[in-house]
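> Kindly generate the corresponding structure for this input.
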Amino acid sequence: QVQLVESGGGLVQAGGSLRLSCTASGRTVSTASMAWFRQAPGKERALVTAIGWRPGTTYYTENVKGRFTIFRDNAKNTVYLQMNSLKPEDTALYFCAATRAYGGTYYDKNSYNYWGQGTQVTVSS
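Below you'll find the model as predicted:
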């Protein structure tokens, strides 16, 4: 059974930073594509960033490029999302997701099979 547990959300002022963590059990993060999605009130869940199981494969949606960084620590079986220069429009519930081992396409939002419970990020203006 794959379980993903997010942490690190909170309230931050515009321009500030947060780091989200997603720790996996029942799955080695190095063998799966991992992603962060977010869902704002009244909006659909959207893919924000992803990291493929192949080295050097990352995806960022246009409006977070240069501000967000996804990376993983295989020794800790954890994927991180470093968020800098946060804006009020980044406010959302952030979800961690994983594909099956060596499966899916990391930049395809429909490839993700396993989900965390979400962590709230609120950016005040």
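> which stretch of helix or strand covers the residue nearest the centre of the chain?
Ranked by distance to the mean C-alpha position of the chain (CA atoms, centre = their mean), the top residue is residue 36 at 2.1 Å. Residue 36 belongs to strand 34-39 when assigned by DSSP states H and E.
> Please enumerate residues in contact with that strand?
Contact with strand 34-39 is made by 20, 22, 24, 45-51, 70, 72, 79, 81, 90, 92-99, 106, 109, 112, 118, 121, as judged by CB atoms under 8 Å, 6 or more residues apart in numbering. In this view, the C-beta of every residue, glycine as well, is placed from N, C-alpha and C.
> what about the residue nearest to the centre of the chain, distance to residue 46?
10 Å (CB to CB, to the nearest Å).
> what do you get for residue 116?
16 Å.
> Neighbour count: these two, which is higher?
With neighbours defined as other CB atoms under 10 Å, residue 116 and residue 46 compare such that residue 116 has more, 21 against 13.
> what mean pLDDT does stretch 56-68 have?
Stretch 56-68 carries an average pLDDT of 97.
> Name all residues that make contact with the nearest residue to residue 76 once chain neighbours are set aside.
Excluding its sequence neighbours, the residue lying closest to residue 76 (CB to CB, 6 or more residues apart in numbering) is residue 23, at 7.1 Å. Contacts for residue 23 (CB under 8 Å, 6+ apart) come out as 4, 5, 7, 76, 77, 78.
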